[in-house]
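Asks: Provided below are the primary sequence and the corresponding predicted coordinates.
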Amino acid sequence: VACKDKMDLAIGVAVGSSMQVALLLIPLTIIIGWIMGNDSMTLSFDGFQVAVMFVAVLLVNYLIGDGKSNYMEGMILICLYL
């Protein structure tokens, strides 16, 4: 989609998919785990995990804000993933 100069659609699909995973699939997995008897599964995150998620959200927001991309922004996202 991005190759056809429809960057807004590509960004919308990527961000929308990430939001669906974060808001639906993770809590659903926890609830299914509780039903199966695994009570140790919780949504309680420690400080480091919360800080990493916060930095990731800020960085992605900064990078997709202008609707354009270059190789350096792509490299920053790859480094964030690693």
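Replies: Nice, thanks for sending it over.
Asks: any chance you could map the helices in the protein?
Replies: Along the chain, counting by DSSP state H, helices occupy 7-20, 26-35, 47-64, 71-81.
Asks: of those helices, which is nearest Met41?
Replies: helix 26-35 (4.0 Å; Cβ to Cβ). Bear in mind the C-beta positions are built from the backbone N, C-alpha and C, glycine included.
Asks: where are the low-confidence patches of the protein?
Replies: 1-5, 67 (pLDDT under 70).
Asks: how does it look with 80?
Replies: By pLDDT under 80, the weakly predicted segments of the chain are 1-12, 14-15, 18, 60-70, 73-74, 76-77, 80-82.
Asks: how long is stretch 22-30 end to end?
Replies: 12 Å (Cα to Cα, to the nearest Å).
Asks: what residues does it touch?
Replies: When contacts are defined by Cβ atoms under 8 Å, 6 or more residues apart in numbering, stretch 22-30 is touched by residues 41-43.
Asks: end-to-end on stretch 28-47?
Replies: 23 Å.
Asks: mind checking how far that stretch is from the chain centre?
Replies: 20 Å (Cα atoms, centre = their mean, to the nearest Å).
Asks: in it, what counts as buried?
Replies: By 16 or more other Cβ atoms under 10 Å, stretch 28-47 has no buried positions at all.
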